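>>> Provided below for reference: sequence and predicted model.
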Amino acid sequence: MQVSKSRRVFLIVNAIFMLLVCLAIVLPLWMVVITSLSSNEVAAAEGFVFIPKGLEWTSYQAVFSSSGYTGAFIRSIGVTVSATALSMALTTTMAYALAQRELAFRKFFMNAVLLTMVVDGGIIPFYMVVKQLGMIDTYASLIIPMAITTYNLILMRNFFQSLPESLMESARLDGCSEIGILCRIVLPISVPILAAILLFYAVGHWNRYFEVIMFINSSKKYTLQVLLRQLIFQSEGDGTYSVQVNNFKMAVMVITMLPILALYPFIQKYFISGLMLGSVKG
Amino acid sequence: MPGKTLQSLQTQPTSKWQLFLKRFAKQKYIFMLVIPGVIWFILFKYYPLRFIYNAFTNYGTVAHPRFTGLANFQRLFLSPNFWRAFRNTLILSFYNLIFYFPIPIILALSLNELKNHFAKKAAQFVIYIPHFLSWVVVGGLFNMMLAPSDGIINKVLVSTGILSEPIYFMASVKWFRTVLVGTEIWKSAGYGAVIYIAAISSIDTQLYDAAAVDGAGYWARTWHVTLPGIRNTIATVLLLTLARVMQMFEQILVMYNSAVMDVADVLRTFSYVEGLNRGNVGYATAIGLFTSIVSVILILGCNIFSKKVLDEEIL
């Protein structure tokens, strides 16, 4: 097909537009990383460093030499790993069971799950339940109450339901137990959706902020997100200027982004296929 | 064992209850798999509804809370802060609808026209990143970039002469809503394009070929093939956006401060602060209940509308 001149101009303009969009995302992140790797003097003078002038780890050393941030980093990882494990276990088992046609009350369970996407008691009743369970100011409050995301559950159930019935039938005839079928047949062929949902959960748990300040009272148990919020906002909010130079703040910010960004390239292809699945199904 | 159950099911017609028991015995393992999740849902999704009762008491402010009827709601509707929060929720949602909503569609259309496969993959890789950053990171990043003293945005605006002096965006009543909408676009627009990219890729390519044969240029094809092809997706996302109007919360909780309360306090932040910072649990529950009721009405309304107009349910 012949490409007309106006068409070619359009394609170029379009490519430039996309490039600008990508720059608008990458540039701030680039500056955060470069500033975090700059010396105190450079960071103090420039605020945001665009072109690196000698990279060093000073600010990272400062961050990790303060026990507050090191502890928060470890706590964040601990909470994220355990919460994601629980999320995956609960979501996978429930989604698998809900995808089985012979499950009694299947329709009832499904409707009860869907209803929770509409009916919501609000923040305070949720807090009251966690309080009644004695979880306030414990790590359990960051793991158990947010274990299942209804949307993820439905996404996974839809996927399991789209698997050919004959596959499980033949395994059942071979005398395979339900749990055996789930572990040995269903899970291995569900890796893309599992990876996508694992990423969603891990990101959700790692990025958690509001539930942490709601449920956790002692600052010794705060996660990285809460400390970053305090570092950046509380110093400016009340008019007093922060004592920390930008490179320190940005080093904490990089540490807060790092696990997600490190995970993202590997899981990206899965999460896109998983997402497509979800979005095609509505 | 399963074979035996099956046989007895076939041979002797039993009562409904026995049938159920047999069915249950056959699938007790499947049932065991569903139980932990069901318990979780009961505990964290249904049991909280019990505490809605607090909305009709003076819980939190006195030692022995008692039933006070609609007193909390009366207080609510007389409170200027409540109306301020309600107004801010609606205004911010409206701004998001006008300024944010079209951008994912534009991004998807633009991505679709990137002919270089590598460039397309790279662009997709980049534009989804901000969605995975927390509001604390995104809010913190913009807070620093917009800072009046050493923020890069003020520096650039002042040095290019666009501004004569720096603006403290994060504490400016005039600018704060712009900051909220802008950060929302930065964080979510790329990821929001995914659903449209999926919809565009499912359009039959023969339609494009046919249009090209008819001499349709890019705009004509976009207008007559692509947009009609993703019309239902656009409508669904629009309705979902409307249905979630009342959910606005974490972004504001992270980014607002006392200087911009008048333009940024929304219903859920209002409820949160009243209940957990001030301890007015009953009152805060009433605010939450009001928010939930409006939310349910919006969602059901959108669903009915969607059924009528699009012939499909969004729920």
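Good, I have the coordinates.
>>> first vs last residue of stretch B:60-67, how far apart are they?
12 Å (Cα to Cα, to the nearest Å).
>>> what does the stretch 151-300 of chain B have sitting close to chain A?
B:151-152, B:155, B:170, B:186, B:190, B:194-195, B:198-199, B:202, B:212, B:217-218, B:236, B:249-250, B:253-255, B:257-258, B:268, B:271-272, B:275-276, B:281, B:284-285, B:287-289, B:291-292, B:295-296, B:299-300 (Cβ under 8 Å from any Cβ of the partner chain). C-beta coordinates here come from the backbone N, C-alpha and C atoms, glycine included.
>>> Can I have the buried ones of those residues as a PyMOL selection?
Only the buried members of these enter the following PyMOL selection, criterion being 16 or more other Cβ atoms under 10 Å in any protein chain shown:
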select buried, chain B and resi 151+152+155+170+186+190+194+195+198+199+218+236+249+250+253+254+255+257+268+271+272+275+276+281+284+285+287+288+289+291+292+295+299
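>>> Which ones among the residues of the stretch 151-300 of chain B next to chain A lie within helices?
Mapping these onto helices (DSSP state H) picks out B:152, B:155, B:186, B:190, B:194-195, B:198-199, B:212, B:218, B:236, B:250, B:253-255, B:268, B:271-272, B:281, B:284-285, B:287-289, B:291-292, B:295-296, B:299-300.
>>> low pLDDT regions in the stretch 151-282 of chain A?
Under the criterion pLDDT under 70, the flagged ranges of the stretch 151-282 of chain A are A:235-243, A:271-282.
>>> Do a quick rundown of the helices in it.
Taking DSSP state H, counting those that start in this stretch, the helices of the stretch 151-282 of chain A run over residues A:165-173, A:178-181, A:187-189, A:191-206, A:210-215, A:224-229, A:235-237, A:246-281.
>>> Buried deepest among the ones you listed, which one?
Greatest average neighbour count among the helices of the stretch 151-282 of chain A goes to helix A:224-229 (a mean of 24), per mean count of other Cβ atoms under 10 Å in any protein chain shown.
>>> Provide the contact partners of that one at residue level.
Residues outside helix A:224-229 that contact it (Cβ atoms under 8 Å, 6 or more residues apart in numbering or on different chains) are A:68-69, A:72-73, A:75-76, A:206-209, A:212-213, A:216, A:252-253, A:255-256, B:134, B:136-137, B:139-140, B:254.
>>> Could you rerun that using 10 Å?
The contact list for helix A:224-229 (Cβ atoms under 10 Å, 6 or more residues apart in numbering or on different chains) reads A:66, A:68-69, A:71-77, A:79-80, A:206-210, A:212-213, A:216, A:219, A:222, A:249, A:252-253, A:255-257, A:259, B:134-137, B:139-140, B:143, B:253-255.
>>> now stretch A:262-270
A:191-200, A:202-203, A:206, A:257, A:271, A:274, B:121, B:124-125, B:128-129, B:132.
>>> With stretch B:99-106 instead?
Residues from elsewhere that reach stretch B:99-106 (Cβ under 10 Å, 6+ apart): A:17, A:21, B:93, B:127, B:178, B:181-182, B:184-185, B:188-197, B:199-200, B:226-227, B:230, B:233-234, B:237-238, B:241.
>>> again, only this time at 6 Å
Residues outside stretch B:99-106 that contact it (Cβ atoms under 6 Å, 6 or more residues apart in numbering or on different chains) are B:181, B:184-185, B:189, B:192-193, B:196.
>>> With pLDDT and neighbour count added, can I get those in JSON lines?
Shown next, in JSON lines, are the contacts of stretch B:99-106 (pLDDT from 0 to 100; neighbours: other Cβ atoms under 10 Å in any protein chain shown):
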{"residue": "B:Val181", "pLDDT": "96", "neighbour count": "16"}
{"residue": "B:Glu184", "pLDDT": "96", "neighbour count": "21"}
{"residue": "B:Ile185", "pLDDT": "97", "neighbour count": "19"}
{"residue": "B:Ala189", "pLDDT": "96", "neighbour count": "22"}
{"residue": "B:Gly192", "pLDDT": "92", "neighbour count": "23"}
{"residue": "B:Ala193", "pLDDT": "93", "neighbour count": "24"}
{"residue": "B:Tyr196", "pLDDT": "92", "neighbour count": "23"}
